[in-house]
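A.B. asks: Next comes the sequence, and after it the predicted model I'd like to discuss.
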Amino acid sequence: MSQTKPHILVVDDNPNNRDLISRRLERSGYRVSVAEDGSQALDKLEREDPDLVVLDVMMPGISGTEVLRLVRKQKTQLQLPIIMATAKDQSEDIVHALDLGANDYVTKPIDFPVLLARIHSHIKARQTARAASTGRQRLSLGELKPGLVLDEKYRLEEEIGSGNFGTVFRATHLSFQEPVALKVLKTAVDDTDEEDLLRFRQEGASAMRLQHPHAVSVMDFSVAHGLAVLVMELLSGQSLDQLLKVQTRLAPNRALEIILPICEVLSEADNLGIVHRDIKPANIFLHQTRRGETVKVLDFGIAKIVGDAAGERHLTLDEGILGTPAYMSPERLHGHAYDGKSDVYSLGVMLYQMLAGSLPFNVPSNDAMAIAVQHLTAAPIMLREHLPAVPVVLEAVVMSTLKKDPGERPSAGDLAAGLIEAIESSGIHLRPDVIETAPPPSAGIHDATQRMDQRSTSRLSFDFSDLLDPPPCRVEHPPLPTFAPARLGEPWA
C-alpha cells in the first residue's frame, strides 16, 4: 500500500455517481481516480496501482463482473481489494461477484458512512494481515494464557471452551472495560500465509452482517500474532447440547420455544444468502438474562471460514466430514450444491431429537459412517414410534424437514408457520413472545401433512457407495392413533 494517501479507483458509468463518490472519498482523506466504463478501468489498472477499487456491477460494454474476473487473474484479494456497487435487487450479481473474488459489496443508493467504513476496513485488513505475517511474533493456541493482550485491545482472562473450530476465552476490551468472548480459530495458526489471514478477516466481516437478536453478536474480527480472532458478545447459560445430556427428551412446549427463534434467525440468514452449515445442539446456546432466556445460534460464518481452509489443506473435522454427521443434510454428504434448506434438515434432526430423545435413525451415535449412510438412503423412523400420541400435524411438519430432496423441505419461515399451526391445533401453550417473533412463511408454503408419506431416494456419488446394501424397502406404518393433547410442560408418552 502507498505510504501517502490511500489511492481509490472509482468505476461507474453514471457521472453523477462517480463525482459524488469521488468528492466524498477525497474529503475523507483518500486520493481518487475514476473510470467511466470497464474498458477504461482495465486501462487505468495497467497504468496505475490503486490500493482499492469501488466497481459498479452493471455497465455497458465490459461489465463490472467481467472486469473483476480479468483482474483476479493477475491480482489477489490481498493485492487489490475490490468492493462491488450494485442495485438492491441484484442479489444474483452479488453472489456471482463474491464467487469471482470480490472482497465486499455495497448497495445503491450508496450509504456513504457504510462505504467509508468498508473501505477503511479492507485497507486496514491488508495492513494487518501483512504485519501479522511479516513483522509480529507468531503464537500458537497453546501459548495463549490469561493476561496476554491480543490486537492491543483484548486481554485474555480465562479459557471457557474449545471445539473443532478453536478455543474460546473470556476477555476484556481494554478501551471500554467490557467483557467479551474471543474465539481463536485453529486454522489460522503458524502456517497461515497473508492471503489466508485476509480471507479470514473478510469472512469475519461477512459473519458480522447478520445482526439478529437470536444470533450471537460478532463485534470484531482481527488478526493478531498470526491468529484469526473473532470477538463476540459474552453469553451466560448453557448450550442445548448440555441440556440434552441431562434431559434427553424435552416437553413439546419447551422444544418448540427453542426451535421457533432458531427458525427466525435462519430465515433472516437465508434472506442474506448465508448458510450456517453446522446447526447442532452444541451451536445453540440458551442465554440467561435478567429478562429471561434468549435462544442464540452460535458460529455463523465460522463453518465457512474453517471449511474453506480445511478443504484446501485436506484437513478433517468430525470423523473426516466438515460439520457434524449426525445433523448433516444428504446434499452436503453428497458434495452437491446446497442452500438454506440444508440448515432446515439439520434443524429437523435436532427437533426430532428434542421431542423423541433420540436421532431419527437407529444407528450408534458414534459411528459417523453409518450415520452418513442413513442420511443418504434410509427413511427416518416415524416420530410416532417414539411418541405414540404425537399430533398428526406436528409429526407431519417435523418429518417434512427430513426429506432427502431439499426441494421437498420447507424453508425456515415455512417451518415456523407449520409449527405454529400445529401448536394452535394441538393445545400446546407457548410464551406469547415466541409466537409474535416467528418469521413469516415464504410464498408457496409446503403442505407437509398431505406430502407426509412421499419418499425420495438418493443415489450415492462418493466413497460410501461400496458400503451400502440395496435401498431399503418402504415401511408401511399403521394408521395414526387418536390422542389427547399433552399437558403443559410434559412430553407425550
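C.D. replies: Okay, I see it. As the structure is a computational prediction, the values presented were derived from the model and not from experiment.

A.B. asks: Now do the strands in the protein.
C.D. replies: 7-11, 31-35, 52-56, 82-87, 104-108, 149-150, 154-162, 166-173, 178-185, 218-224, 227-232, 237-239, 284-289, 292-297 (DSSP state E).

A.B. asks: Nearest to residue 361, out of those strands?
C.D. replies: strand 284-289 (20.6 Å; C-beta to C-beta). To be clear about C-beta, it is placed using only N, CA and C from the backbone, and glycine gets the same treatment.

A.B. asks: Taking strand 292-297 as reference, get the angle to the closest one.
C.D. replies: Relative orientation of strand 284-289 versus strand 292-297 (axes from the mean of the first three to the mean of the last three C-alpha atoms, to 10 degrees): 150 degrees.

A.B. asks: what's the spacing between residue 19 and residue 10?
C.D. replies: As judged by C-beta to C-beta, to the nearest Å, residue 19 and residue 10 stand 9 Å apart.

A.B. asks: And residue 93, by the same measure?
C.D. replies: With C-beta to C-beta as the criterion, residue 93 and residue 10 are 18 Å apart.

A.B. asks: Looking at the strands of the chain, which one is packed in the most?
C.D. replies: strand 52-56 (a mean of 27; mean count of other C-beta atoms under 10 Å).

A.B. asks: Packing partners of that one?
C.D. replies: strand 7-11, helix 38-47, helix 64-72, strand 82-87, helix 112-134 (3 or more C-beta pairs under 8 Å, 6 or more residues apart in numbering; DSSP states H and E).

A.B. asks: Pull the residues that contact the shortest one.
C.D. replies: Counting by C-beta atoms under 8 Å, 6 or more residues apart in numbering, strand 7-11 makes contact with 18, 21-22, 25, 30-38, 40-41, 44-45, 48-56, 59, 64, 67, 119, all of which sit outside it.

A.B. asks: ditto for the fourth one
C.D. replies: With contact meaning C-beta under 8 Å, 6+ apart, strand 82-87 is reached by 12, 17, 52-58, 64-65, 68, 71, 93-94, 97, 101-108, 110, 115, 118-119, 122.

A.B. asks: could you redo the last one with a cut-off of 6 Å?
C.D. replies: By C-beta atoms under 6 Å, 6 or more residues apart in numbering, the list of residues contacting strand 82-87 from outside reads 53-57, 68, 93-94, 97, 102-106, 108.

A.B. asks: Sheet-wise, list the partners of that strand with their directions.
C.D. replies: Strand 82-87 has the following strand partners under DSSP bridges: strand 52-56 (parallel), strand 104-108 (parallel).

A.B. asks: From the chain's centroid, how far away is that strand?
C.D. replies: In this view, strand 82-87 has its centroid 22 Å away from the chain centroid, taken as C-alpha atoms, centre = their mean, to the nearest Å.

A.B. asks: all numbers from here: first residue = 39
C.D. replies: Shifting the count to begin at 39 puts that one at strand 120-125.

A.B. asks: And residue 416, what's its pLDDT?
C.D. replies: pLDDT for residue 416: 93.

A.B. asks: How much space separates it from residue 49?
C.D. replies: Counting by C-beta to C-beta, the gap from residue 416 to residue 49 is 53 Å.

A.B. asks: Kindly report the same for residue 302.
C.D. replies: From residue 302 to residue 49 the distance is 38 Å (C-beta to C-beta).

A.B. asks: for residue 325, same thing?
C.D. replies: 44 Å.

A.B. asks: mean pLDDT for the strands of the chain: which is lowest?
C.D. replies: strand 256-262 - the lowest mean pLDDT of those, at a mean of 78.

A.B. asks: Dump the C-alpha coordinates for that strand into CSV.
C.D. replies: This file holds the C-alpha atoms of strand 256-262, laid out as CSV (Å, rounded to 0.1, in the frame of the first residue of the first chain):
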residue,chain,number,x,y,z
VAL,A,256,-19.9,-10.8,16.3
MET,A,257,-18.4,-7.4,17.1
ASP,A,258,-15.0,-7.6,15.6
PHE,A,259,-12.7,-9.8,13.6
SER,A,260,-9.0,-9.2,14.0
VAL,A,261,-5.7,-10.9,13.1
ALA,A,262,-3.1,-10.9,15.9
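
A.B. asks: residues near the nearest residue to residue 375 once chain neighbours are set aside, how many?
C.D. replies: Sequence neighbours aside, residue 369 is the residue nearest to residue 375 in space, at 7.1 Å (criterion: C-beta to C-beta, 6 or more residues apart in numbering). A count of nearby residues for residue 369, using other C-beta atoms under 10 Å, gives 20.

A.B. asks: in this protein, what spans have low per-residue confidence?
C.D. replies: Residues of the chain meeting the criterion pLDDT under 70: 39-41, 126-129, 164-175, 201-203, 224-245, 339-361, 403, 470-531.

A.B. asks: Domain-wise, how is it divided?
C.D. replies: Structural domains assigned to the chain are 45-172, 187-270, 275-505, following automatic domain parsing.

A.B. asks: right, so of the ones you listed, which gets closest to residue 179?
C.D. replies: Across the domains of the chain, closest to residue 179 is domain 187-270 (C-beta to C-beta), at 5.6 Å.

A.B. asks: For that closest one, measure first residue to last.
C.D. replies: 16 Å (C-alpha to C-alpha, to the nearest Å).

A.B. asks: ok, now stretch 125-145?
C.D. replies: 5 Å.

A.B. asks: What residues of it count as buried?
C.D. replies: Within stretch 125-145, the residues scored as buried using 16 or more other C-beta atoms under 10 Å are 128, 131-132, 134-136, 138-145.

A.B. asks: Kindly report the same for stretch 272-285.
C.D. replies: Buried residues in stretch 272-285, counted by 16+ other C-beta under 10 Å: 272, 273, 277, 278, 281, 282.

A.B. asks: Ok, stretch 48-63 next?
C.D. replies: 48, 49, 50, 51, 55, 56, 58, 59, 60, 62, 63.

A.B. asks: so the fourth one makes contact with residue 97?
C.D. replies: Yes: applying C-beta atoms under 6 Å as the test, residue 51 and residue 97 come out as touching, 4.5 Å apart.

A.B. asks: Look up the residues that both of these two are in contact with.
C.D. replies: Residues touching both residue 51 and residue 97 by C-beta under 6 Å, 6+ apart: residue 75.

A.B. asks: sorry, back to before: can you redo the helices and strands packed on strand 90-94 as CSV, where the extra columns are distance to residue 384?
C.D. replies: Shown next, in CSV, are the helices and strands packed on strand 90-94 (distance: least, C-beta to C-beta, whole Å):
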stretch, distance to residue 384
strand 45-49, 41
helix 76-85, 41
helix 102-110, 32
strand 120-125, 31
helix 150-172, 31
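
A.B. asks: Can you tell me which of the ones you listed is packed in deepest?
C.D. replies: In terms of average neighbour count - mean count of other C-beta under 10 Å - the standout among those is strand 45-49, at a mean of 23.

A.B. asks: Can I get that strand in CSV? Just the C-alpha atoms.
C.D. replies: C-alpha atoms of strand 45-49 as CSV (Å, rounded to 0.1, in the frame of the first residue of the first chain):
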residue,chain,number,x,y,z
HIS,A,45,-5.5,5.5,-3.7
ILE,A,46,-9.0,4.5,-4.6
LEU,A,47,-10.2,3.9,-8.2
VAL,A,48,-13.9,4.5,-8.6
VAL,A,49,-15.5,2.8,-11.7
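
A.B. asks: I'm done for today, thanks for sticking with me.
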